[in-house]
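Participant: next comes the sequence, and after it the predicted model I'd like to discuss.
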Amino acid sequence: MILIDTNSQKIKEAIELHYKGLIVEVKNRIVAEGDRVLTDFFTDSTLDLILRGRPEKLINMQFIFFSKVVPLYNYAEWQSFPRLKRKSRVPRTPAQLALVAKYERVYGQLNRIFDYKKFSAKDNPGYSAYDLADKLDICTCTYCNRLYTKTVIKPSKITRPEFDHWFAKSRYPLLALSFFNLIPSCNTCNSTVKGSSEMKLKTHLHPYIDKPEFKFSYYNRTYGTYGFEIKTMAGTKSQKSIEAFKLKEIYEMHEDEIIDLTKIKAAYSESYLSILAGQYKGLAISEDEIYRLAFGTYNNEDLFDRRPLSRMKRDILAELGIIK
């Protein structure tokens, strides 16, 4: 997992671009609904918070909307709605059917106002997920750091990362377009592994808030074969996030990387990087650049998103003593 630095200039600019790109269209959609309750609730300050507010603030908006401001709604009832509206083999009771009918309308209204489907569409002529991805410029999956998620929008919208809704949009339709709820990720982490699993700020790492506190390690399975371990403190956000995204299981397909690194360790009694530095003697090349040329990744944690497997390789290389 990677911490996205909110103090970096590109992230600050991305937040502003996101707000300016959406605010007028979202306001127009609210007016189009013709619902006085929605018009009164979605003030300029409320929309500002929804579109670019920090995760700690976002989580309260759903509660406020369904319990304190909008009449007739109840937050506890709303929490049951996403589960009840899904198809089920078990017949729903009259009370459950009434609850679904009660919240279906407002659910549709919120989905039309914060329309992620349009935002993510290739044929969206306005500000879209492609513009956000291009501005963020995060090149590998924020969760697993295994797969490239580069964005290509010229000459046409070709590819970009998926955006995982950290607060699932099925439960939090109010946050479907919130900047801090859109995490650039790969398809495996977003759709296959995480899906609609519920994440909580108290129990799981949020990429815009929490620095991951774990290290990749290895162990000998048999002679010449190795397995991955991920070391972290029990009960921490890091442990729960590792389990949620099945990082240990996913990284097992990369165990050949450990074999390659142990071969480097066995072949060179001196520092591998020092040997390479000698080969580039006379060239203006930094230690970090030598590291990148040797291992195809970055040693600087701030640059882990630029190449796949950067965190894993850094940790294993340090454990093997190839780097310090």
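Facilitator: Now that the structure is in, tell me what you want to look at.
Participant: my read: Ala318 touches Lys324, true?
Facilitator: Yes. Look at Ala318 against Lys324 with Cβ atoms under 8 Å: they come within range, at 7.1 Å. Where you see a C-beta, it was placed from the backbone N, CA and C, and this is true even at glycine.
Participant: what's the first helix or strand after the worst-scoring helix or strand of the chain on mean pLDDT?
Facilitator: Among the helical and strand segments of the chain, the one scoring lowest on mean pLDDT, DSSP states H and E is helix 272-279, with a mean of 68. Proceeding C-terminally, helix 272-279 gives way to helix 287-295 as the next helix or strand, assigned by DSSP states H and E.
Participant: quick one, what contacts the most centrally placed residue in the chain?
Facilitator: The centroid of the chain falls nearest to Ile183 when counting by Cα atoms, centre = their mean (2.9 Å). Listed by Cβ atoms under 8 Å, 6 or more residues apart in numbering, the contact set of Ile183 reads 142-143, 163-166, 207.
Participant: which residue ranges of this protein form strands?
Facilitator: Secondary structure of the chain by DSSP state E: the strands cover 162-165, 182-185, 215-222, 225-231.
Participant: low-confidence ranges in this structure?
Facilitator: 195-196, 268-273, 275-284 (pLDDT under 70).
Participant: longest helix in it, please.
Facilitator: Taking DSSP state H as the criterion, the chain has its longest helix at helix 9-33.
Participant: just checking, what packs against it?
Facilitator: helix 36-41, helix 44-52, helix 94-113, helix 129-136 (3 or more Cβ pairs under 8 Å, 6 or more residues apart in numbering; DSSP states H and E).
Participant: 10 Å instead?
Facilitator: Where contact means 3 or more Cβ pairs under 10 Å, 6 or more residues apart in numbering; DSSP states H and E, helix 9-33 is packed against helix 36-41, helix 44-52, helix 94-113, helix 116-119, helix 129-136.
Participant: how close does the residue nearest to the centre of the chain get to Thr6?
Facilitator: 13 Å (Cβ to Cβ, to the nearest Å).
Participant: surely Val31 meets Arg112?
Facilitator: No. Taking contacts as Cβ atoms under 10 Å, Val31 lies outside contact range of Arg112: 11.9 Å.
Participant: these two: who's more crowded?
Facilitator: Arg112 (15 against 11; other Cβ atoms under 10 Å).
Participant: so what's the residue lying closest to that one once chain neighbours are set aside up against?
Facilitator: Closest residue to Arg112 apart from its sequence neighbours, by Cβ to Cβ, 6 or more residues apart in numbering: Arg29 at 6.1 Å. Arg29 sits next to 38, 42, 109, 112-115, 118 when contact means Cβ atoms under 10 Å, 6 or more residues apart in numbering.
Participant: over to Asp44?
Facilitator: For Asp44, counting by Cβ under 10 Å, 6+ apart, the contacting residues are 23, 27.
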